[in-house]
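Asker: Would you be able to build a 3D model of this:
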Amino acid sequence: MPHTITLICNPANTVLDTSLISDLSDALEREGGQIGRLEWLDGPIAADLECAGLQADMIEDILRDKLGDDPVDVVVHLAGEDRRRKLLVADMDSTIITVECLDELADFAGKKTEVAAITERAMRGELVFEDALRERIALLAGLPESALAGTYAGRVRLMPGARELVRTMAANGAHAVLVSGGFSYFTERVAADAGFHAERANRLIFENGLLKGVAEPILGREAKLAALHEFCAVHGISESQALAIGDGANDLAMIQVAGMGVAFHAKPVVAAAARARIDYGDLTALLYLQGYRGGDFVRD
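Answerer: Next up, the predicted model:
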């Protein structure tokens, strides 16, 4: 049975055409691949291509080598795999939204550079997430609670394709959960805006309108994995039927356990370990890799 390869580019940079697919097919055939059906999911943005005779990891290596710097994402599916997922578990910061909320909060205190440096190291897996979060919150002690509203209104924006991803999966019977190492003030609002069914996050503690700390226990890497297991159990599905997405090291556990774990514009440690990686496409890429066509998307 052939593998299905999903090729995806960003809607703003449509480089996927029959000429490029022909070149990729030739590269696979030179290594013993047998090319089958080509199906456009949303030309010239996404297409499925069948290939037999090669292992999935070899197909991916050949295609990435051939593509070089061409901005096209490659996802190779297991032969006979049911691509449609029944649960979406998503990170929030730099995944469903375009910013890191804590870094933006720090800007209100004049400490964005210092806090963002810690965030970057934590997301790369160089620091224990929970310790890094406590350290950053300590740096912001005394921040006025009004900074939350200012950050949300002025800085927080949904990642392109976020609404389409969540609402299309929901319209087709999937459950969507936002699970963040960030803060409930933001997850509650982002979840409602994008269409998530549920959200989980950390809670900030304020006294007399000023930031004092973060509630324990902190929701980090293991708590995200626990949420994946919990929602699978609640909805009577296996982890193989779940799609998990994130960009940082604290997302790795859930990404590696989900049937389809996706590193989205991710740190190197995450991209190297994930089942799939999206480096160029927006969040609608997660619909294409499930076999949805552009005409199937639920749009505003």
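Asker: how about the strands in this structure?
Answerer: Using DSSP state E, the strands of the chain run over 3-9, 34-42, 46-52, 72-77, 87-90, 175-183, 198-202, 204-207, 210-214, 242-246, 260-264, 276-278.
Asker: For the ones you listed, give me a markdown table that also has mean pLDDT and distance to Arg293.
Answerer: For glycine as for every other residue, the C-beta is placed from the backbone atoms N, C-alpha and C. Output for those, formatted as a markdown table (pLDDT from 0 to 100; distance: least, C-beta to C-beta, whole Å):
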| stretch | mean pLDDT | distance to Arg293 |
| --- | --- | --- |
| strand 3-9 | 97 | 12 |
| strand 34-42 | 97 | 5 |
| strand 46-52 | 98 | 8 |
| strand 72-77 | 97 | 16 |
| strand 87-90 | 98 | 18 |
| strand 175-183 | 98 | 20 |
| strand 198-202 | 98 | 28 |
| strand 204-207 | 98 | 42 |
| strand 210-214 | 98 | 43 |
| strand 242-246 | 98 | 17 |
| strand 260-264 | 98 | 18 |
| strand 276-278 | 97 | 18 |
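Asker: Nearest to Ile137, out of those?
Answerer: Ile137 lies closest to strand 210-214 among these, at 4.9 Å (C-beta to C-beta).
Asker: any idea how far that closest one is from the chain center?
Answerer: Centroid separation between strand 210-214 and its chain, computed with C-alpha atoms, centre = their mean, to the nearest Å, is 29 Å.
Asker: buried set for stretch 150-159?
Answerer: Thr151, Tyr152, Arg155, Val156, Met159 (16 or more other C-beta atoms under 10 Å).
Asker: swap in stretch 266-284?
Answerer: Applying 16+ other C-beta under 10 Å to stretch 266-284 flags 266-267, 269-271, 273-284 as buried.
Asker: swap in stretch 195-212?
Answerer: Neighbour-count burial for stretch 195-212, counted by 16+ other C-beta under 10 Å, picks out Gly195, Phe196, Glu199, Arg200, Ala201, Asn202, Leu204, Leu211.
Asker: In a markdown table, list the strands of the chain along with distance to Asp17.
Answerer: Output for those, formatted as a markdown table (distance: least, C-beta to C-beta, whole Å):
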| stretch | distance to Asp17 |
| --- | --- |
| strand 3-9 | 10 |
| strand 34-42 | 10 |
| strand 46-52 | 10 |
| strand 72-77 | 11 |
| strand 87-90 | 30 |
| strand 175-183 | 33 |
| strand 198-202 | 40 |
| strand 204-207 | 49 |
| strand 210-214 | 49 |
| strand 242-246 | 27 |
| strand 260-264 | 25 |
| strand 276-278 | 20 |
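Asker: and the nearest residue to Ile245 once chain neighbours are set aside, what does it touch?
Answerer: Once flanking residues are discounted, Ile245 sits nearest to Val262: 4.5 Å by C-beta to C-beta, 6 or more residues apart in numbering. Counting by C-beta atoms under 8 Å, 6 or more residues apart in numbering, Val262 touches Leu243, Ala244, Ile245, Gly246, Ile255, Ala274, Arg275, Ala276, Arg277, Ile278, Leu286, Leu289.
Asker: Format the CA atom coordinates belonging to stretch 103-115 as CSV.
Answerer: Taking Å, rounded to 0.1, in the frame of the first residue of the first chain, the C-alpha atoms of stretch 103-115 are listed here in CSV:
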residue,chain,number,x,y,z
ASP,A,103,7.0,38.6,27.1
GLU,A,104,4.3,41.2,26.1
LEU,A,105,3.3,41.6,29.7
ALA,A,106,7.0,42.2,30.6
ASP,A,107,7.0,45.0,28.1
PHE,A,108,4.6,46.9,30.3
ALA,A,109,7.2,46.6,33.1
GLY,A,110,10.2,47.6,30.9
LYS,A,111,11.6,44.1,31.2
LYS,A,112,10.7,42.4,27.9
THR,A,113,14.3,41.8,26.8
GLU,A,114,15.2,40.1,30.1
VAL,A,115,12.0,38.0,30.3
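Asker: average pLDDT across it?
Answerer: When pLDDT is averaged over stretch 103-115, the result is 95.
Asker: just to revisit the earlier point, quickly check the contacts of Val262 for the two that are furthest apart.
Answerer: Pairwise distances across the contacts of Val262 peak at 15.4 Å for Gly246 and Leu289 (criterion: C-beta to C-beta).
Asker: between the two, who's got more neighbours?
Answerer: Gly246 (33 against 28; other C-beta atoms under 10 Å).
Asker: now the more buried one, which residues is it bridged with?
Answerer: Counting by DSSP bridges, Gly246 forms beta bridges with Ala263.
Asker: Pick out the residue nearest the middle of the chain.
Answerer: Nearest to the geometric centre of the chain sits Ile245, at 3.2 Å (C-alpha atoms, centre = their mean).
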